[in-house]
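[1] Turn this into a model:
(chains A and B)
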There are 2 protein chains.
Amino acid sequence: MILTVTLNTALDITYRVRSLRPHTSHRVSEVTERPGGKGVNVARVLAALGHEVTVTGFAGGGTGEALRSMLAEVPGGPADALVAVSGASRRTVAVVDELTGDTTQLNEPGPQITPAEWAGFLRRYQELLPDASAVALCGSLPPGVPVGAYAGLVRAARSAGVPVLLDTSGEPLRRGVAARPDVIKPNAEELAELTGSHEPLRATQDARRRGAHAVVASLGAEGLLAVTPEGHWRAAPPARVPGNPTGAGDSAVAGLLSGLAERLPWPDRLIRATALSAATVRAPAAGEFDRAVYAELLGRVRVTGAAGAA
Amino acid sequence: MILTVTLNTALDITYRVRSLRPHTSHRVSEVTERPGGKGVNVARVLAALGHEVTVTGFAGGGTGEALRSMLAEVPGGPADALVAVSGASRRTVAVVDELTGDTTQLNEPGPQITPAEWAGFLRRYQELLPDASAVALCGSLPPGVPVGAYAGLVRAARSAGVPVLLDTSGEPLRRGVAARPDVIKPNAEELAELTGSHEPLRATQDARRRGAHAVVASLGAEGLLAVTPEGHWRAAPPARVPGNPTGAGDSAVAGLLSGLAERLPWPDRLIRATALSAATVRAPAAGEFDRAVYAELLGRVRVTGAAGAA
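    Got it, this is the predicted structure:
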């Protein structure tokens, strides 16, 4: 199975309002909820592609119960290996303006994790690793989890011989990269924060020097830029894709991981990641992907570049 | 005991953010939760004043469980006679700007109530009425509850010989008033919506002609205007009260109800309502009241007016 780690799972709530006006009162016309956190999103996409997936990380409180029960209702969905904690899983609230479609995001910080809960997670992770064909470490750290957490989880995966992808930002990314993950998937902003360079190719190469074996930078409408030990490539959809980019990065991770688990050549992994990402932008619901668009784009994503030392 | 009815209970969530900027992403620095809905707020103030209080209405889902467990934790707090429903109780989200203290409010509509659930509530209400010294019907109606709901609940209370206060707005208020409640407590906006008049004294008299035995209009910083069968009065704090007006109207209802249950003369009820309302504006936490301010203001609220037919 493929294992995804979400230390800061979330109950993702979407509110539709006529138009958000600060310092006034709003009647919410529609409320939707889904289980969230980057690794959970990645797992749902992988499950929809037919992969056997397990999610681990933390969940607690009424919000944790809600997200776990929604996860259990997904037919053929990810297996739940989340570790129960005493604090409540965070909520994220996306407020969508009906008039413009623009979104305002409010993200809770997440529950305080105790040292005993963190130790409990490490045991669970070690138990799960032997059965994993690949592992993804995704998203922010809740309060109480050490900032070097991902570095330790990368090392444990490498010791177990399991390829590991890291998708986070800030100091957890900086420390995690130094532990030599197989793949990182920063967006342009995360890459600039890590390396200090706003020039994507230069920054991607620098990120490899910092420890990442392969770097796949997601550059929004410009697609993916991959610098790997096997070569470097760019992949992009055939035309600009209109829609909602929420979750597109998580779908790209799912595509990369899917190809990693199947040991596909890099260009095929990038095609899968790019097509999934674009199919997510095109889906009516944020974070879902449009299967027909995905199937169609698989044959139409352009990959340029070359095998050989990057 | 005093009975308060909250058909649309809420889990009131407060988020602190640096500054709310539409169409951007925000890290919430502090999350607080409390059980809410107008009748629940009124009950908490009454319980803090030493009254025996029971809350009824609907609660369901994880949010309903959360608000009920928080209600149970209030020492000497209201008794819980809420009716369980299959839908989830609504959330309200108040986003407070740290820079300015201004609040942006997002209110979910509430769960869909089935006809069987509504019938279940009516049975519970009839069971509770014989033990009630007064009843307050508070707030909005969740989807599925008939718009004439409050009119029926007013009639049932009057048949049982229990004095009834109605605090709602829009069409539920219009229909409820026609059933001749003992007291209504509209704010200036609700009163204007009901009567079409923006002149408070005229509008208050008109609201009485529509059926309310007594009308107590809450006019913000100008205090209360009461037109009753026993006379008409104005009550106001001795000076303008700075602070957060959230919950001030619910505290005024608690003061009126407390005086109604004790059969105090109208001027004493108005003093209690005005002092509680101002003590709520002055409290650091929204919806709480400052006991010292309340005790001090009880002797300093100015009441003007006269007994006699209004």
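
[2] pLDDT on the helix or strand containing A:Leu257, on average?
    When elements are assigned from DSSP states H and E, A:Leu257 belongs to helix A:248-261. In this model, helix A:248-261 has a mean pLDDT of 95.

[3] The stretch 51-200 of chain A against chain B: which residues are in contact?
    Contact residues (CB under 8 Å from any CB of the partner chain) of the stretch 51-200 of chain A with chain B: A:62-63, A:65-66, A:91, A:93, A:95, A:97, A:102-109. Using the backbone N, CA and C atoms, a C-beta is placed for each residue, glycine as well.

[4] Tell me both backbone torsions, phi and psi, for the residue lying closest to A:Leu256 once chain neighbours are set aside.
    Excluding its sequence neighbours, the residue lying closest to A:Leu256 (CB to CB, 6 or more residues apart in numbering or on different chains) is A:Ala273, at 4.8 Å. Dihedral angles of A:Ala273 (phi, psi; degrees, to the nearest 10) stand at phi -60, psi -40.

[5] neighbours around the closest residue to A:Gly255 other than its chain neighbours, how many?
    Excluding its sequence neighbours, the residue lying closest to A:Gly255 (CB to CB, 6+ apart) is A:Ala273, at 3.2 Å. A:Ala273 has 28 neighbours, counted by other CB atoms under 10 Å in any protein chain shown.

[6] follow-up on the earlier one: ok, of the residues of the stretch 51-200 of chain A next to chain B, which come out buried?
    Taking 16 or more other CB atoms under 10 Å in any protein chain shown as the criterion, what is buried in these is A:62-63, A:65-66, A:91, A:93, A:95, A:97, A:103-104, A:106-108.

[7] Farthest pair within those residues?
    A:Glu65 and A:Asp97 (30.5 Å; CB to CB).

[8] what about the helices in the stretch 51-200 of chain A?
    Using DSSP state H, counting those that start in this stretch, the helices of the stretch 51-200 of chain A run over A:61-72, A:115-128, A:149-159, A:170-178, A:188-195, A:200-209.

[9] could I get these as TSV with mean pLDDT?
    Formatted as TSV, the helices of the stretch 51-200 of chain A follow (pLDDT from 0 to 100):
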stretch	mean pLDDT
helix A:61-72	95
helix A:115-128	98
helix A:149-159	98
helix A:170-178	97
helix A:188-195	95
helix A:200-209	95
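
[10] Just send these back as CSV, with distance to A:Leu141 too.
    Below are those laid out as CSV (distance: least, CB to CB, whole Å):
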stretch, distance to A:Leu141
helix A:61-72, 17
helix A:115-128, 10
helix A:149-159, 6
helix A:170-178, 6
helix A:188-195, 15
helix A:200-209, 20
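
[11] So which of these is nearest A:Gly220?
    When the helices of the stretch 51-200 of chain A are compared by CB to CB, helix A:188-195 sits nearest A:Gly220, at 7.0 Å.

[12] for the closest one, packing partners?
    Helices and strands touching helix A:188-195, by 3 or more CB pairs under 8 Å, 6 or more residues apart in numbering or on different chains; DSSP states H and E, are helix A:170-178, helix A:200-209, strand A:214-218.

[13] now with 6 Å?
    Contacts defined by 3 or more CB pairs under 6 Å, 6 or more residues apart in numbering or on different chains; DSSP states H and E place helix A:188-195 against helix A:200-209.

[14] can you give me the angle the helix it packs on makes with strand A:214-218?
    Counting by axes from the mean of the first three to the mean of the last three CA atoms, to 10 degrees, helix A:200-209 lies at 140 degrees to strand A:214-218.

[15] CA atoms only: put helix A:200-209 into PDB for me.
    Extracted C-alpha coordinates of helix A:200-209, given in PDB (Å, rounded to 0.1, in the frame of the first residue of the first chain):
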ATOM      1  CA  PRO A 200      12.700  28.200 -10.600                       C
ATOM      2  CA  LEU A 201      15.500  26.200 -12.400                       C
ATOM      3  CA  ARG A 202      18.200  27.700 -10.200                       C
ATOM      4  CA  ALA A 203      16.200  27.200  -7.000                       C
ATOM      5  CA  THR A 204      15.300  23.600  -8.000                       C
ATOM      6  CA  GLN A 205      18.900  22.800  -8.500                       C
ATOM      7  CA  ASP A 206      19.800  24.400  -5.200                       C
ATOM      8  CA  ALA A 207      17.100  22.400  -3.400                       C
ATOM      9  CA  ARG A 208      18.800  19.200  -4.700                       C
ATOM     10  CA  ARG A 209      22.100  20.400  -3.400                       C
END
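
[16] For that helix, which residues meet the burial criterion?
    A:Pro200, A:Ala203, A:Thr204, A:Gln205, A:Asp206, A:Ala207, A:Arg208.

[17] Likewise for stretch A:165-174?
    For stretch A:165-174, by 16+ other CB under 10 Å, it's A:Leu165, A:Leu166, A:Asp167, A:Thr168, A:Ser169, A:Pro172, A:Leu173, A:Arg174.

[18] Quick check: end-to-end length of that stretch?
    Using CA to CA, to the nearest Å, the end-to-end distance of stretch A:165-174 comes out at 14 Å.

[19] any residues touching that stretch, and which ones?
    Residues from elsewhere that reach stretch A:165-174 (CB atoms under 6 Å, 6 or more residues apart in numbering or on different chains): A:136-138, A:141, A:147, A:150, A:176, A:181, A:183-185, A:190, A:194, A:253, A:257.

[20] picking that back up, I'd guessed the residue nearest to A:Gly255 sits against A:Ala254; true?
    No. The pair A:Ala273 / A:Ala254 is not scored as a contact, 7.8 Å apart, by CB atoms under 6 Å.
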